[in-house]
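Q: Curious how this folds, go ahead:
(one chain, ligands or ions: 1)
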Amino acid sequence: MLGLAKRVKAKILQASTSEVYGDPAVHPQTEDYWGNVNPIGPRSCYDEGKRCAETLFFDYRRQHNLPIKVARIFNTYGPRMHPSDGRVVSNFIVQALKNQDITVYGDGTHTRSFCYVDDLVDGLIRLMGTPHDVTGPVNLGNPGEFTIRELAQTIIDMTGSSSRIIHMPLPTDDPKQRRPDISAANELFGWKPTVALSDGLRNTIGYFERLLGGSQLATHDA
Ligand code: UDP
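A: So this is what the prediction gives:
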């Protein structure tokens with residue numbers, strides 16, 4: 001893609017990730033933190049793949065002056081996630097709506113910061129509109145930080161579900177904490193998220209209610 005962008009003189013965005021920080025020893029994470037990534041673990045192909053992609057973007061910038069933009073995207077959620085996506089927000093909402101057990105991995109005290117999709121898209125569009133000298137990497141995420149257990153309880157409360165919380169093993173190298181410092185995005189292109197977790201979850205729960213209701217109907221009809 002970098003070769004193609006160079007040939008057709010296109011601006012190119014890398015949708016990078018907070019995973020480049022690994023299990024971070026610096027909290028909240030700023031863009032100048034180099035991260036704490038296991039190079040040989042089960043998550044490494046994703047983390048190191050994204051880190052390598054950032055390297056290539058900056059090599060193309062240095063060698064060919066390619067107009068690059070690198071966004072480090074933190075946990076994002078919203079309507080149109082796939083119900084079997086496997087990520088925490090979609091898993092918990094689908095489980096809650098079906099009154100199934102909510103699968104908290106580990107003790108649930110580890111944290112994530114959840115950004116609503118509309119806020120993220122706004123950030124990406126603003127980043128793409130910045131001048132040539134703005135390359136990033138720039139964090140895009142919502143600094144509101146929650147434990148996974150808090151997220152589970154919030155979703156149970158909002159759905160009125162009878163689901164119980166159960167605990168399952170924490171995946172290897174699962175980061176213990178994650179929260180973006182978004183000062184750079186705010187200074188460079190005036191961005192900060194506007195959708196509170198409760199509002200974003202309400203929309204996302206509504207989406208999954210319609211989706212699951214629809215699919216149950218479709219199964220019944222078939
Ligand atoms: N998680 C969980 N139950 C699930 C799915 C995920 O407890 O059913 C945890 C997971 O271990 C991680 C957090 O929720 O600590 C966020 O997981 P996700 O896969 O959504 O994103 P990432 O790990 O990439 O931040």
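
Q: most centrally placed residue in this protein?
A: Asn75 (2.1 Å; CA atoms, centre = their mean).

Q: show me what contacts that residue?
A: Asn75 makes contacts with 18, 87-89, 112-115, 141, 178, as judged by CB atoms under 8 Å, 6 or more residues apart in numbering. All C-beta spots, glycine's among them, are computed from the backbone N, C-alpha and C.

Q: Please check these and keep the buried ones.
A: In terms of neighbour count (16 or more other CB atoms under 10 Å), the buried residues within these are 18, 88-89, 112-115, 141, 178.

Q: Looking at those residues, which is nearest the ligand?
A: Among those, Val88 lies closest to the ligand (CB to the nearest ligand atom), at 3.5 Å.

Q: My understanding was that that closest one contacts Ser113; is that so?
A: No. With contact defined as CB atoms under 8 Å, Val88 does not count as touching Ser113 (12.0 Å).

Q: mind listing what's buried in the strand or helix carrying Asn186?
A: In this assignment (DSSP states H and E), Asn186 forms part of helix 183-189. For helix 183-189, a neighbour-count test (16+ other CB under 10 Å) marks 184-185, 189 as buried.

Q: can you count the residues close to Asn142?
A: Neighbour count of Asn142, defined by other CB atoms under 10 Å: 27.

Q: List the contacts of stretch 104-116.
A: Stretch 104-116 is contacted from outside by 73-78, 88-89, 140-149, 151-152, 165-171, 174-180, 193, 195, 197, 199-200, 203, using CB under 8 Å, 6+ apart.

Q: Need the buried ones from those selected in PyMOL.
A: A single PyMOL command selects the buried members of those (16+ other CB under 10 Å):
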select buried, resi 73+74+75+76+77+78+88+89+140+141+142+143+145+146+147+148+149+151+152+165+175+177+178+179+180+193+195+197+200
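
Q: What about the contacts of stretch 104-116, which are in helices?
A: Among the contacts of stretch 104-116, the members falling in helices (DSSP state H) are 88-89, 148-149, 151-152, 197, 199-200, 203.

Q: chain center to the helix holding Asn186: distance?
A: Chain-centre distance of helix 183-189: 19 Å, with CA atoms, centre = their mean, to the nearest Å.

Q: who does that helix touch, helix- and strand-wise?
A: Applying 3 or more CB pairs under 8 Å, 6 or more residues apart in numbering; DSSP states H and E, one finds that helix 183-189 contacts helix 117-128, strand 138-140.

Q: Quick check: which ranges of the chain have low pLDDT?
A: Under the criterion pLDDT under 70, the flagged ranges of the chain are 214-222.

Q: what residues does it put near the ligand?
A: The interface of the chain toward the ligand, taken as CB under 6 Å from any ligand atom, is made up of 75, 87-88, 91, 103-105, 110, 112, 148, 170-171, 174.

Q: would you list every one of the strands in the protein?
A: Assigned by DSSP state E, the strands in the chain fall at 12-17, 68-73, 76-77, 102-105, 111-113, 115-116, 138-140, 145-147, 165-168.
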